[in-house]
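Engineer: Return atomic coordinates for the entry below.
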Amino acid sequence: MKGDNFDKKEVLINEFINSGINITPSTLSFISTLDEPLINVKTIIKEVSFLPSFKGHLTLNVLKQISNKEINKALQRALLREEDSQSSQEGDNIKPINITISNSSNIKESEEKKKIKPKLATNLQLITRSSISQEKPLTIDSTSSGLPINKSVKRVKKSNFESSKTTLAFIPEAKEYEISFEILKDPTGKIYTSGSYTDFYDLTLDKFNRLRNLMKKRPEVLSANNINNILRLTNKVEISVIGIVKENRKTKKGNTLLILEDVTGLINILFRRDSENQDNIKIVETTLNDQVVYVEGVFNPGERGNSGIVYGSYISKIDIPRDYEPNNSFDPLSLALISDTHIGSKEFVEKLWYRFTDLLNGKIGNKKQRELAGKIKYVIINGDLVDGIGIYPGQKNDLIFSDIYDQFKEATKLLSIIPDYIKIIYSSGNHEPVRTAIPRPAVPKKYSEEIRNLGVSCVGNPAFVKTHNVNTLIYHGDSILDMNMLIPGLENNKPAEAMKELLKCRHLAPVYGKKTQIAPTNKDWLVIDKIPDIFHTGHIHINEMDYYNHIALVNSGCFQSQTDFMNSLGIQPTPGILSIIDLVTLKGTQLDLKTSI
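Structural biologist: Have a look, this model is predicted:
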């Protein structure tokens with residue numbers, strides 16, 4: 001019998017392959033149980049071809065959208081049988097919970113979590129997401145959903161009428177796909193220093209060499225000479241040079257003087273402020289100390305022992321190629337980007353967190369929003385998950401949990417609500433119990449063990465990860481405040497503009513010695529040597545989404561209301577705006593959990 005069933009499935013698979021359609025295992029199993037499955041397959045292939053949203057991936061969620069009534073009825077019966085089976089296993093002695101729409105699917109979901117996700121937990125004997133009890137009921141805000149909040153009731157097997165409620169319709173597409181996740185870059189365990197002066201020199205030298213090598217990938221810079229060779233010239237001649245900016249200042253006549261440096265010496269570059277040089281002046285005005293640039297110009301040798309000067313005619317940063325083609329996923333999945341939840345703080349907006357997890361669990365949202373939520377396979381938390389201890393003077397007065405272990409215990413409880421089929425990646429920020437200077441290691445196991453037991457992957461900051469062929473650069477964003485203060489026209493409430501500048505200079509914290517603390521490691525982990533498909537920051541508590549040369553830019557805002565520190569910077573936070581990136585198209589969607597759901 002097993003052989004017959006296998007042969008039947010093989011025939012069905014061939015039919016789909018010949019039509020250019022991928023099919024998930026659960027969908028194949030369902031179709032193989034239908035009467036005359038081969039005929040039904042031909043019907044399904046024909047009908048899905050007329051669905052505008054169909055991308056060649058056949059799932060149970062897609063089957064629900066076809067018009068064939070017999071197949072829809074069979075699918076409904078199959079779901080009901082599975083739900084009833086799971087409900088009967090629960091027994092009658094179940095504690096009452098607060099519900100909004102339906103509870104029988106919650107029973108099914110809880111059982112399925114135990115079945116499909118053991119591989120994600122590093123120690124299931126200690127903890128799993130589905131096993132952690134919740135102190136707060138999961139309810140929908142009646143002001144936004146239009147639905148009343150029901151009183152506590154006992155879970156019971158639903159009748160056929162009740163089974164048509166909304167939660168039964170939530171079949172998350174992401175649940176049918178395996179996790180495909182890889183850490184490409186993580187500084188954890190690799191960022192030691194000797195504590196000597198040479199650490200600072202080694203860091204600067206590594207930064208310059210790596211950025212210069214990136215610049216040399218551009219064909220127009222191949223003729224660049226080193227500074228010492230240029231200074232030896234005795235005639236006026238056109239030159240090109242790659243150097244790190246030592247100084248950028250205005251002259252008395254309003255021109256701009258750059259002092260460039262490489263391993264062989266220093267040279268002065270003068271850019272005249274005239275009508276023919278306006279494009280160069282715009283670049284020079286956004287060029288900061290410690291950035292690497294390429295310059296063309298005319299070298300005028302010095303007289304009487306002077307070193308000479310270059311009259312600049314062209315300047316360029318390393319930048320991202322305009323024709324960069326980002327990677328895309330072949331699977332119809334998405335990732336959700338969040339940061340700065342600050343769990344443990346009095347300003348943590350807990351209500352918005354529960355709306356976020358209700359959305360992921362299919363408890364709230366219209367049809368389009370629920371389909372969007374059902375495709376989320378990854379949640380990336382970009383630092384400041386907890387508020388920490390002793391981060392700033394008087395912080396204790398702002399805390400609900402004044403013990404760091406209690407903060408992580410609360411964080412574990414809140415993270416456990418996220419469905420088990422969703423992979424969580426957690427990168428450390430400046431409020432985590434790690435060093436303040438960047439790069440930062442991952443949160444140590446002594447604090448994060450329970451979170452890790454949920455299957456959460458803890459990484460350092462910055463980190464570079466791949467999810468279903470798409471590369472995401474995770475950087476908390478400490479240097480954004482420096483960029484906004486130093487570059488004219490940049491504002492704290494528009495973090496994406498600062499993110500573009502970081503990409504242009506291919507470094508996450510280009511200026512040394514300002515407010516951003518940078519550890520003097522022998523390797524510069526802040527160089528953007530690999531171009532990301534998604535660039536994710538946080539820290540500044542302002543949500544914004546944009547694109548630069550086809551790279552998706554997301555500053556994921558926060559889940560914390562305005563603090564005194566943010567107020568002192570004139571920043572009005574935007575808590576509870578969820579950023580979702582489609583891994584197939586890299587198109588972004590923002591959902592305001594306060595108003596739009």
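Engineer: What is the neighbour count of the nearest residue to Ser457 once chain neighbours are set aside?
Structural biologist: The spatial neighbour of Ser457 that comes closest, neighbours along the chain excluded (Cβ to Cβ, 6 or more residues apart in numbering), is Ile425 at 5.0 Å. All C-beta spots, glycine's among them, are computed from the backbone N, C-alpha and C. Look at Ile425: counted by other Cβ atoms under 10 Å, it has 21 neighbours.
Engineer: quick one: low-confidence ranges for the stretch 51-200 of the chain?
Structural biologist: 52-53, 79-168 (pLDDT under 70).
Engineer: try it again with 90
Structural biologist: Confidence mapping of the stretch 51-200 of the chain against pLDDT under 90 gives the ranges 51-170, 192-197.
Engineer: Gln278 versus Leu63, what's the distance?
Structural biologist: Going from Leu63 to Gln278 by Cβ to Cβ, to the nearest Å gives 59 Å.
Engineer: more crowded one of those two?
Structural biologist: Neighbour count, other Cβ under 10 Å: between Leu63 and Gln278, Leu63 has more, with 20 against 9.
Engineer: residue contacts, that one?
Structural biologist: Applying Cβ atoms under 8 Å, 6 or more residues apart in numbering to Leu63 gives the contacts Thr27, Phe30, Ile44, Ile71, Asn72, Leu75.
Engineer: ok, so of these, who is nearest Lys363?
Structural biologist: Leu75 (21.7 Å; Cβ to Cβ).
Engineer: and the closest one, how many neighbours?
Structural biologist: By other Cβ under 10 Å, neighbour count at Leu75 equals 20.
Engineer: so which strand or helix has it?
Structural biologist: In this assignment (DSSP states H and E), Leu75 forms part of helix 69-90.
Engineer: hang on, isn't Ile21 packed against Val62?
Structural biologist: No: assessed by Cβ atoms under 8 Å, Ile21 is found out of contact with Val62, at 9.8 Å.
Engineer: Those two - which one has more neighbours?
Structural biologist: When neighbours are counted by other Cβ under 10 Å, Ile21 and Val62 differ, and Val62 comes out ahead with 23 against 20.
Engineer: Now do the same for the nearest residue to Glu247 once chain neighbours are set aside: helix, strand or coil?
Structural biologist: Closest residue to Glu247 apart from its sequence neighbours, by Cβ to Cβ, 6+ apart: Ile259 at 4.1 Å. Of the three states, Ile259 takes strand under DSSP: H, G, I helix; E, B strand; the rest coil.
Engineer: which residues sit in contact with Ile259?
Structural biologist: Val245, Lys246, Glu247, Asn248, Leu266, Ile267, Asn268, Ile269.
Engineer: So it versus Ile267, what's the distance?
Structural biologist: 7 Å.
Engineer: Lys500 too?
Structural biologist: On the measure of Cβ to Cβ, Lys500 and Ile267 end up 28 Å apart.
Engineer: ok, the two, which is more surrounded?
Structural biologist: Each of Lys500 and Ile267 has its neighbours counted (other Cβ under 10 Å); Ile267 has more, 25 against 20.
Engineer: Going by secondary structure, the more buried one is in what exactly?
Structural biologist: Short version: Ile267 belongs to strand 265-271, going by DSSP H and E.
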